[in-house]
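**Q** sequence first, then the predicted structure:
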Amino acid sequence: IATYAATVVYAIFIRYIPDLIPLARVQFFGDALLVGGLVFLTGGSDSIFIFLFFLAIISAGNLLGQVGALFSASSCSLVFAIIVLSQRGFVPGLSTLSVLVGTSHSVPTYNAAINIIAFYAIAVLAGHLAERLGQVDSELERRRLDVVQLRALYEQVFHSINAGLCTLDNQGRIITFNRAAEKITGRTENELL
């Protein structure tokens, strides 16, 4: 319910906010809180849902690159640290709730440290992959534009030559026919195609 409500709020704000990066950061922090709530209610640091923190970090990296992934990793680390501290009894309100849901127990420090280090490692990797993908997309777009320009140049040269030219495919079918060839044969390109 909270996720759907947040989606509706984001959809409303997206129309009125020109710079969407702050809204994305709010969403990343909200994702960390939602995952943290699920993790807290299903076993705390022993929950099987800790992997959802990684998915939140990866999605942030896909949207905003390295900066987004690191912001999300920091948000997830903060939420996870609060969960661990509540399990140890250091967060009064949450520690009581932790006892009620049955997740109150001593959490080894190395367990929390390994998860937080993993959050940042995933953030660095996700950010790097997202930025690399962006570079590949940019290069692919440049290549596509080069092909479009080359095709336009080919069409211009092909149709402006005074000699009659026609090109065939591997099966011997005509695929292009220039204006001079139309004059020579007395047939239009459309007829022959």
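**A** It's in.

**Q** what's the closest non-adjacent residue to the most centrally placed residue in the chain?
**A** For the chain, residue 62 is the residue whose C-alpha lies nearest the centre (CA atoms, centre = their mean; 2.7 Å). Spatial nearest neighbour of residue 62, excluding adjacent residues (CB to CB, 6 or more residues apart in numbering): residue 130 at 5.2 Å. To be clear about C-beta, it is placed using only N, CA and C from the backbone, and glycine gets the same treatment.

**Q** got it, and residue 167?
**A** residue 176 (4.6 Å).

**Q** again, but for residue 56
**A** Leaving aside its sequence neighbours, residue 56 sits nearest to residue 31 (CB to CB, 6+ apart; 4.3 Å).

**Q** please, which helix or strand holds the one you found?
**A** Using DSSP states H and E, residue 31 maps to helix 21-41.

**Q** show residues contacting that helix.
**A** Outside of helix 21-41, the residues within contact range by CB atoms under 8 Å, 6 or more residues apart in numbering are 2-3, 6, 10, 13-14, 17, 45, 47, 49-50, 52-53, 56, 59-60, 63-64, 68, 71-72, 75-76, 78-80, 82-83, 86, 94, 97-98, 101, 103.

**Q** low-confidence ranges, this protein, go.
**A** Applying pLDDT under 70 to the chain picks out residues 94-107.

**Q** quick one: neighbours of the residue nearest to residue 62, just the number.
**A** Per other CB atoms under 10 Å, the neighbour tally for residue 130 reads 21.

**Q** that one and residue 60 touch, don't they?
**A** No - if you go by CB atoms under 8 Å, residue 130 and residue 60 don't touch, sitting 9.1 Å apart.

**Q** list residues touching both of these two?
**A** residue 69.

**Q** ok so, going back, the residue nearest to residue 167 looks like it's in a helix, true?
**A** No - under the criterion used here (DSSP: H, G, I helix; E, B strand; the rest coil), residue 176 is strand, not part of a helix.

**Q** mind checking which of the contacts of helix 21-41 are buried?
**A** Buried by 16 or more other CB atoms under 10 Å: 6, 10, 45, 47, 50, 52-53, 56, 59-60, 63-64, 68, 71-72, 75-76, 79-80, 82-83, 86, 94, 98, 103, out of the contacts of helix 21-41.

**Q** could you list the residues in contact with stretch 57-65?
**A** 21, 24, 28, 31, 68-69, 71-73, 76, 119, 122-123, 126-127, 129-131, 134.

**Q** need the buried ones from these selected in ChimeraX.
**A** Buried residues among the contacts of stretch 57-65 (16+ other CB under 10 Å), as a ChimeraX selection:
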select :24,28,31,68,69,71,72,73,76,119,122,123,126,127,129,130
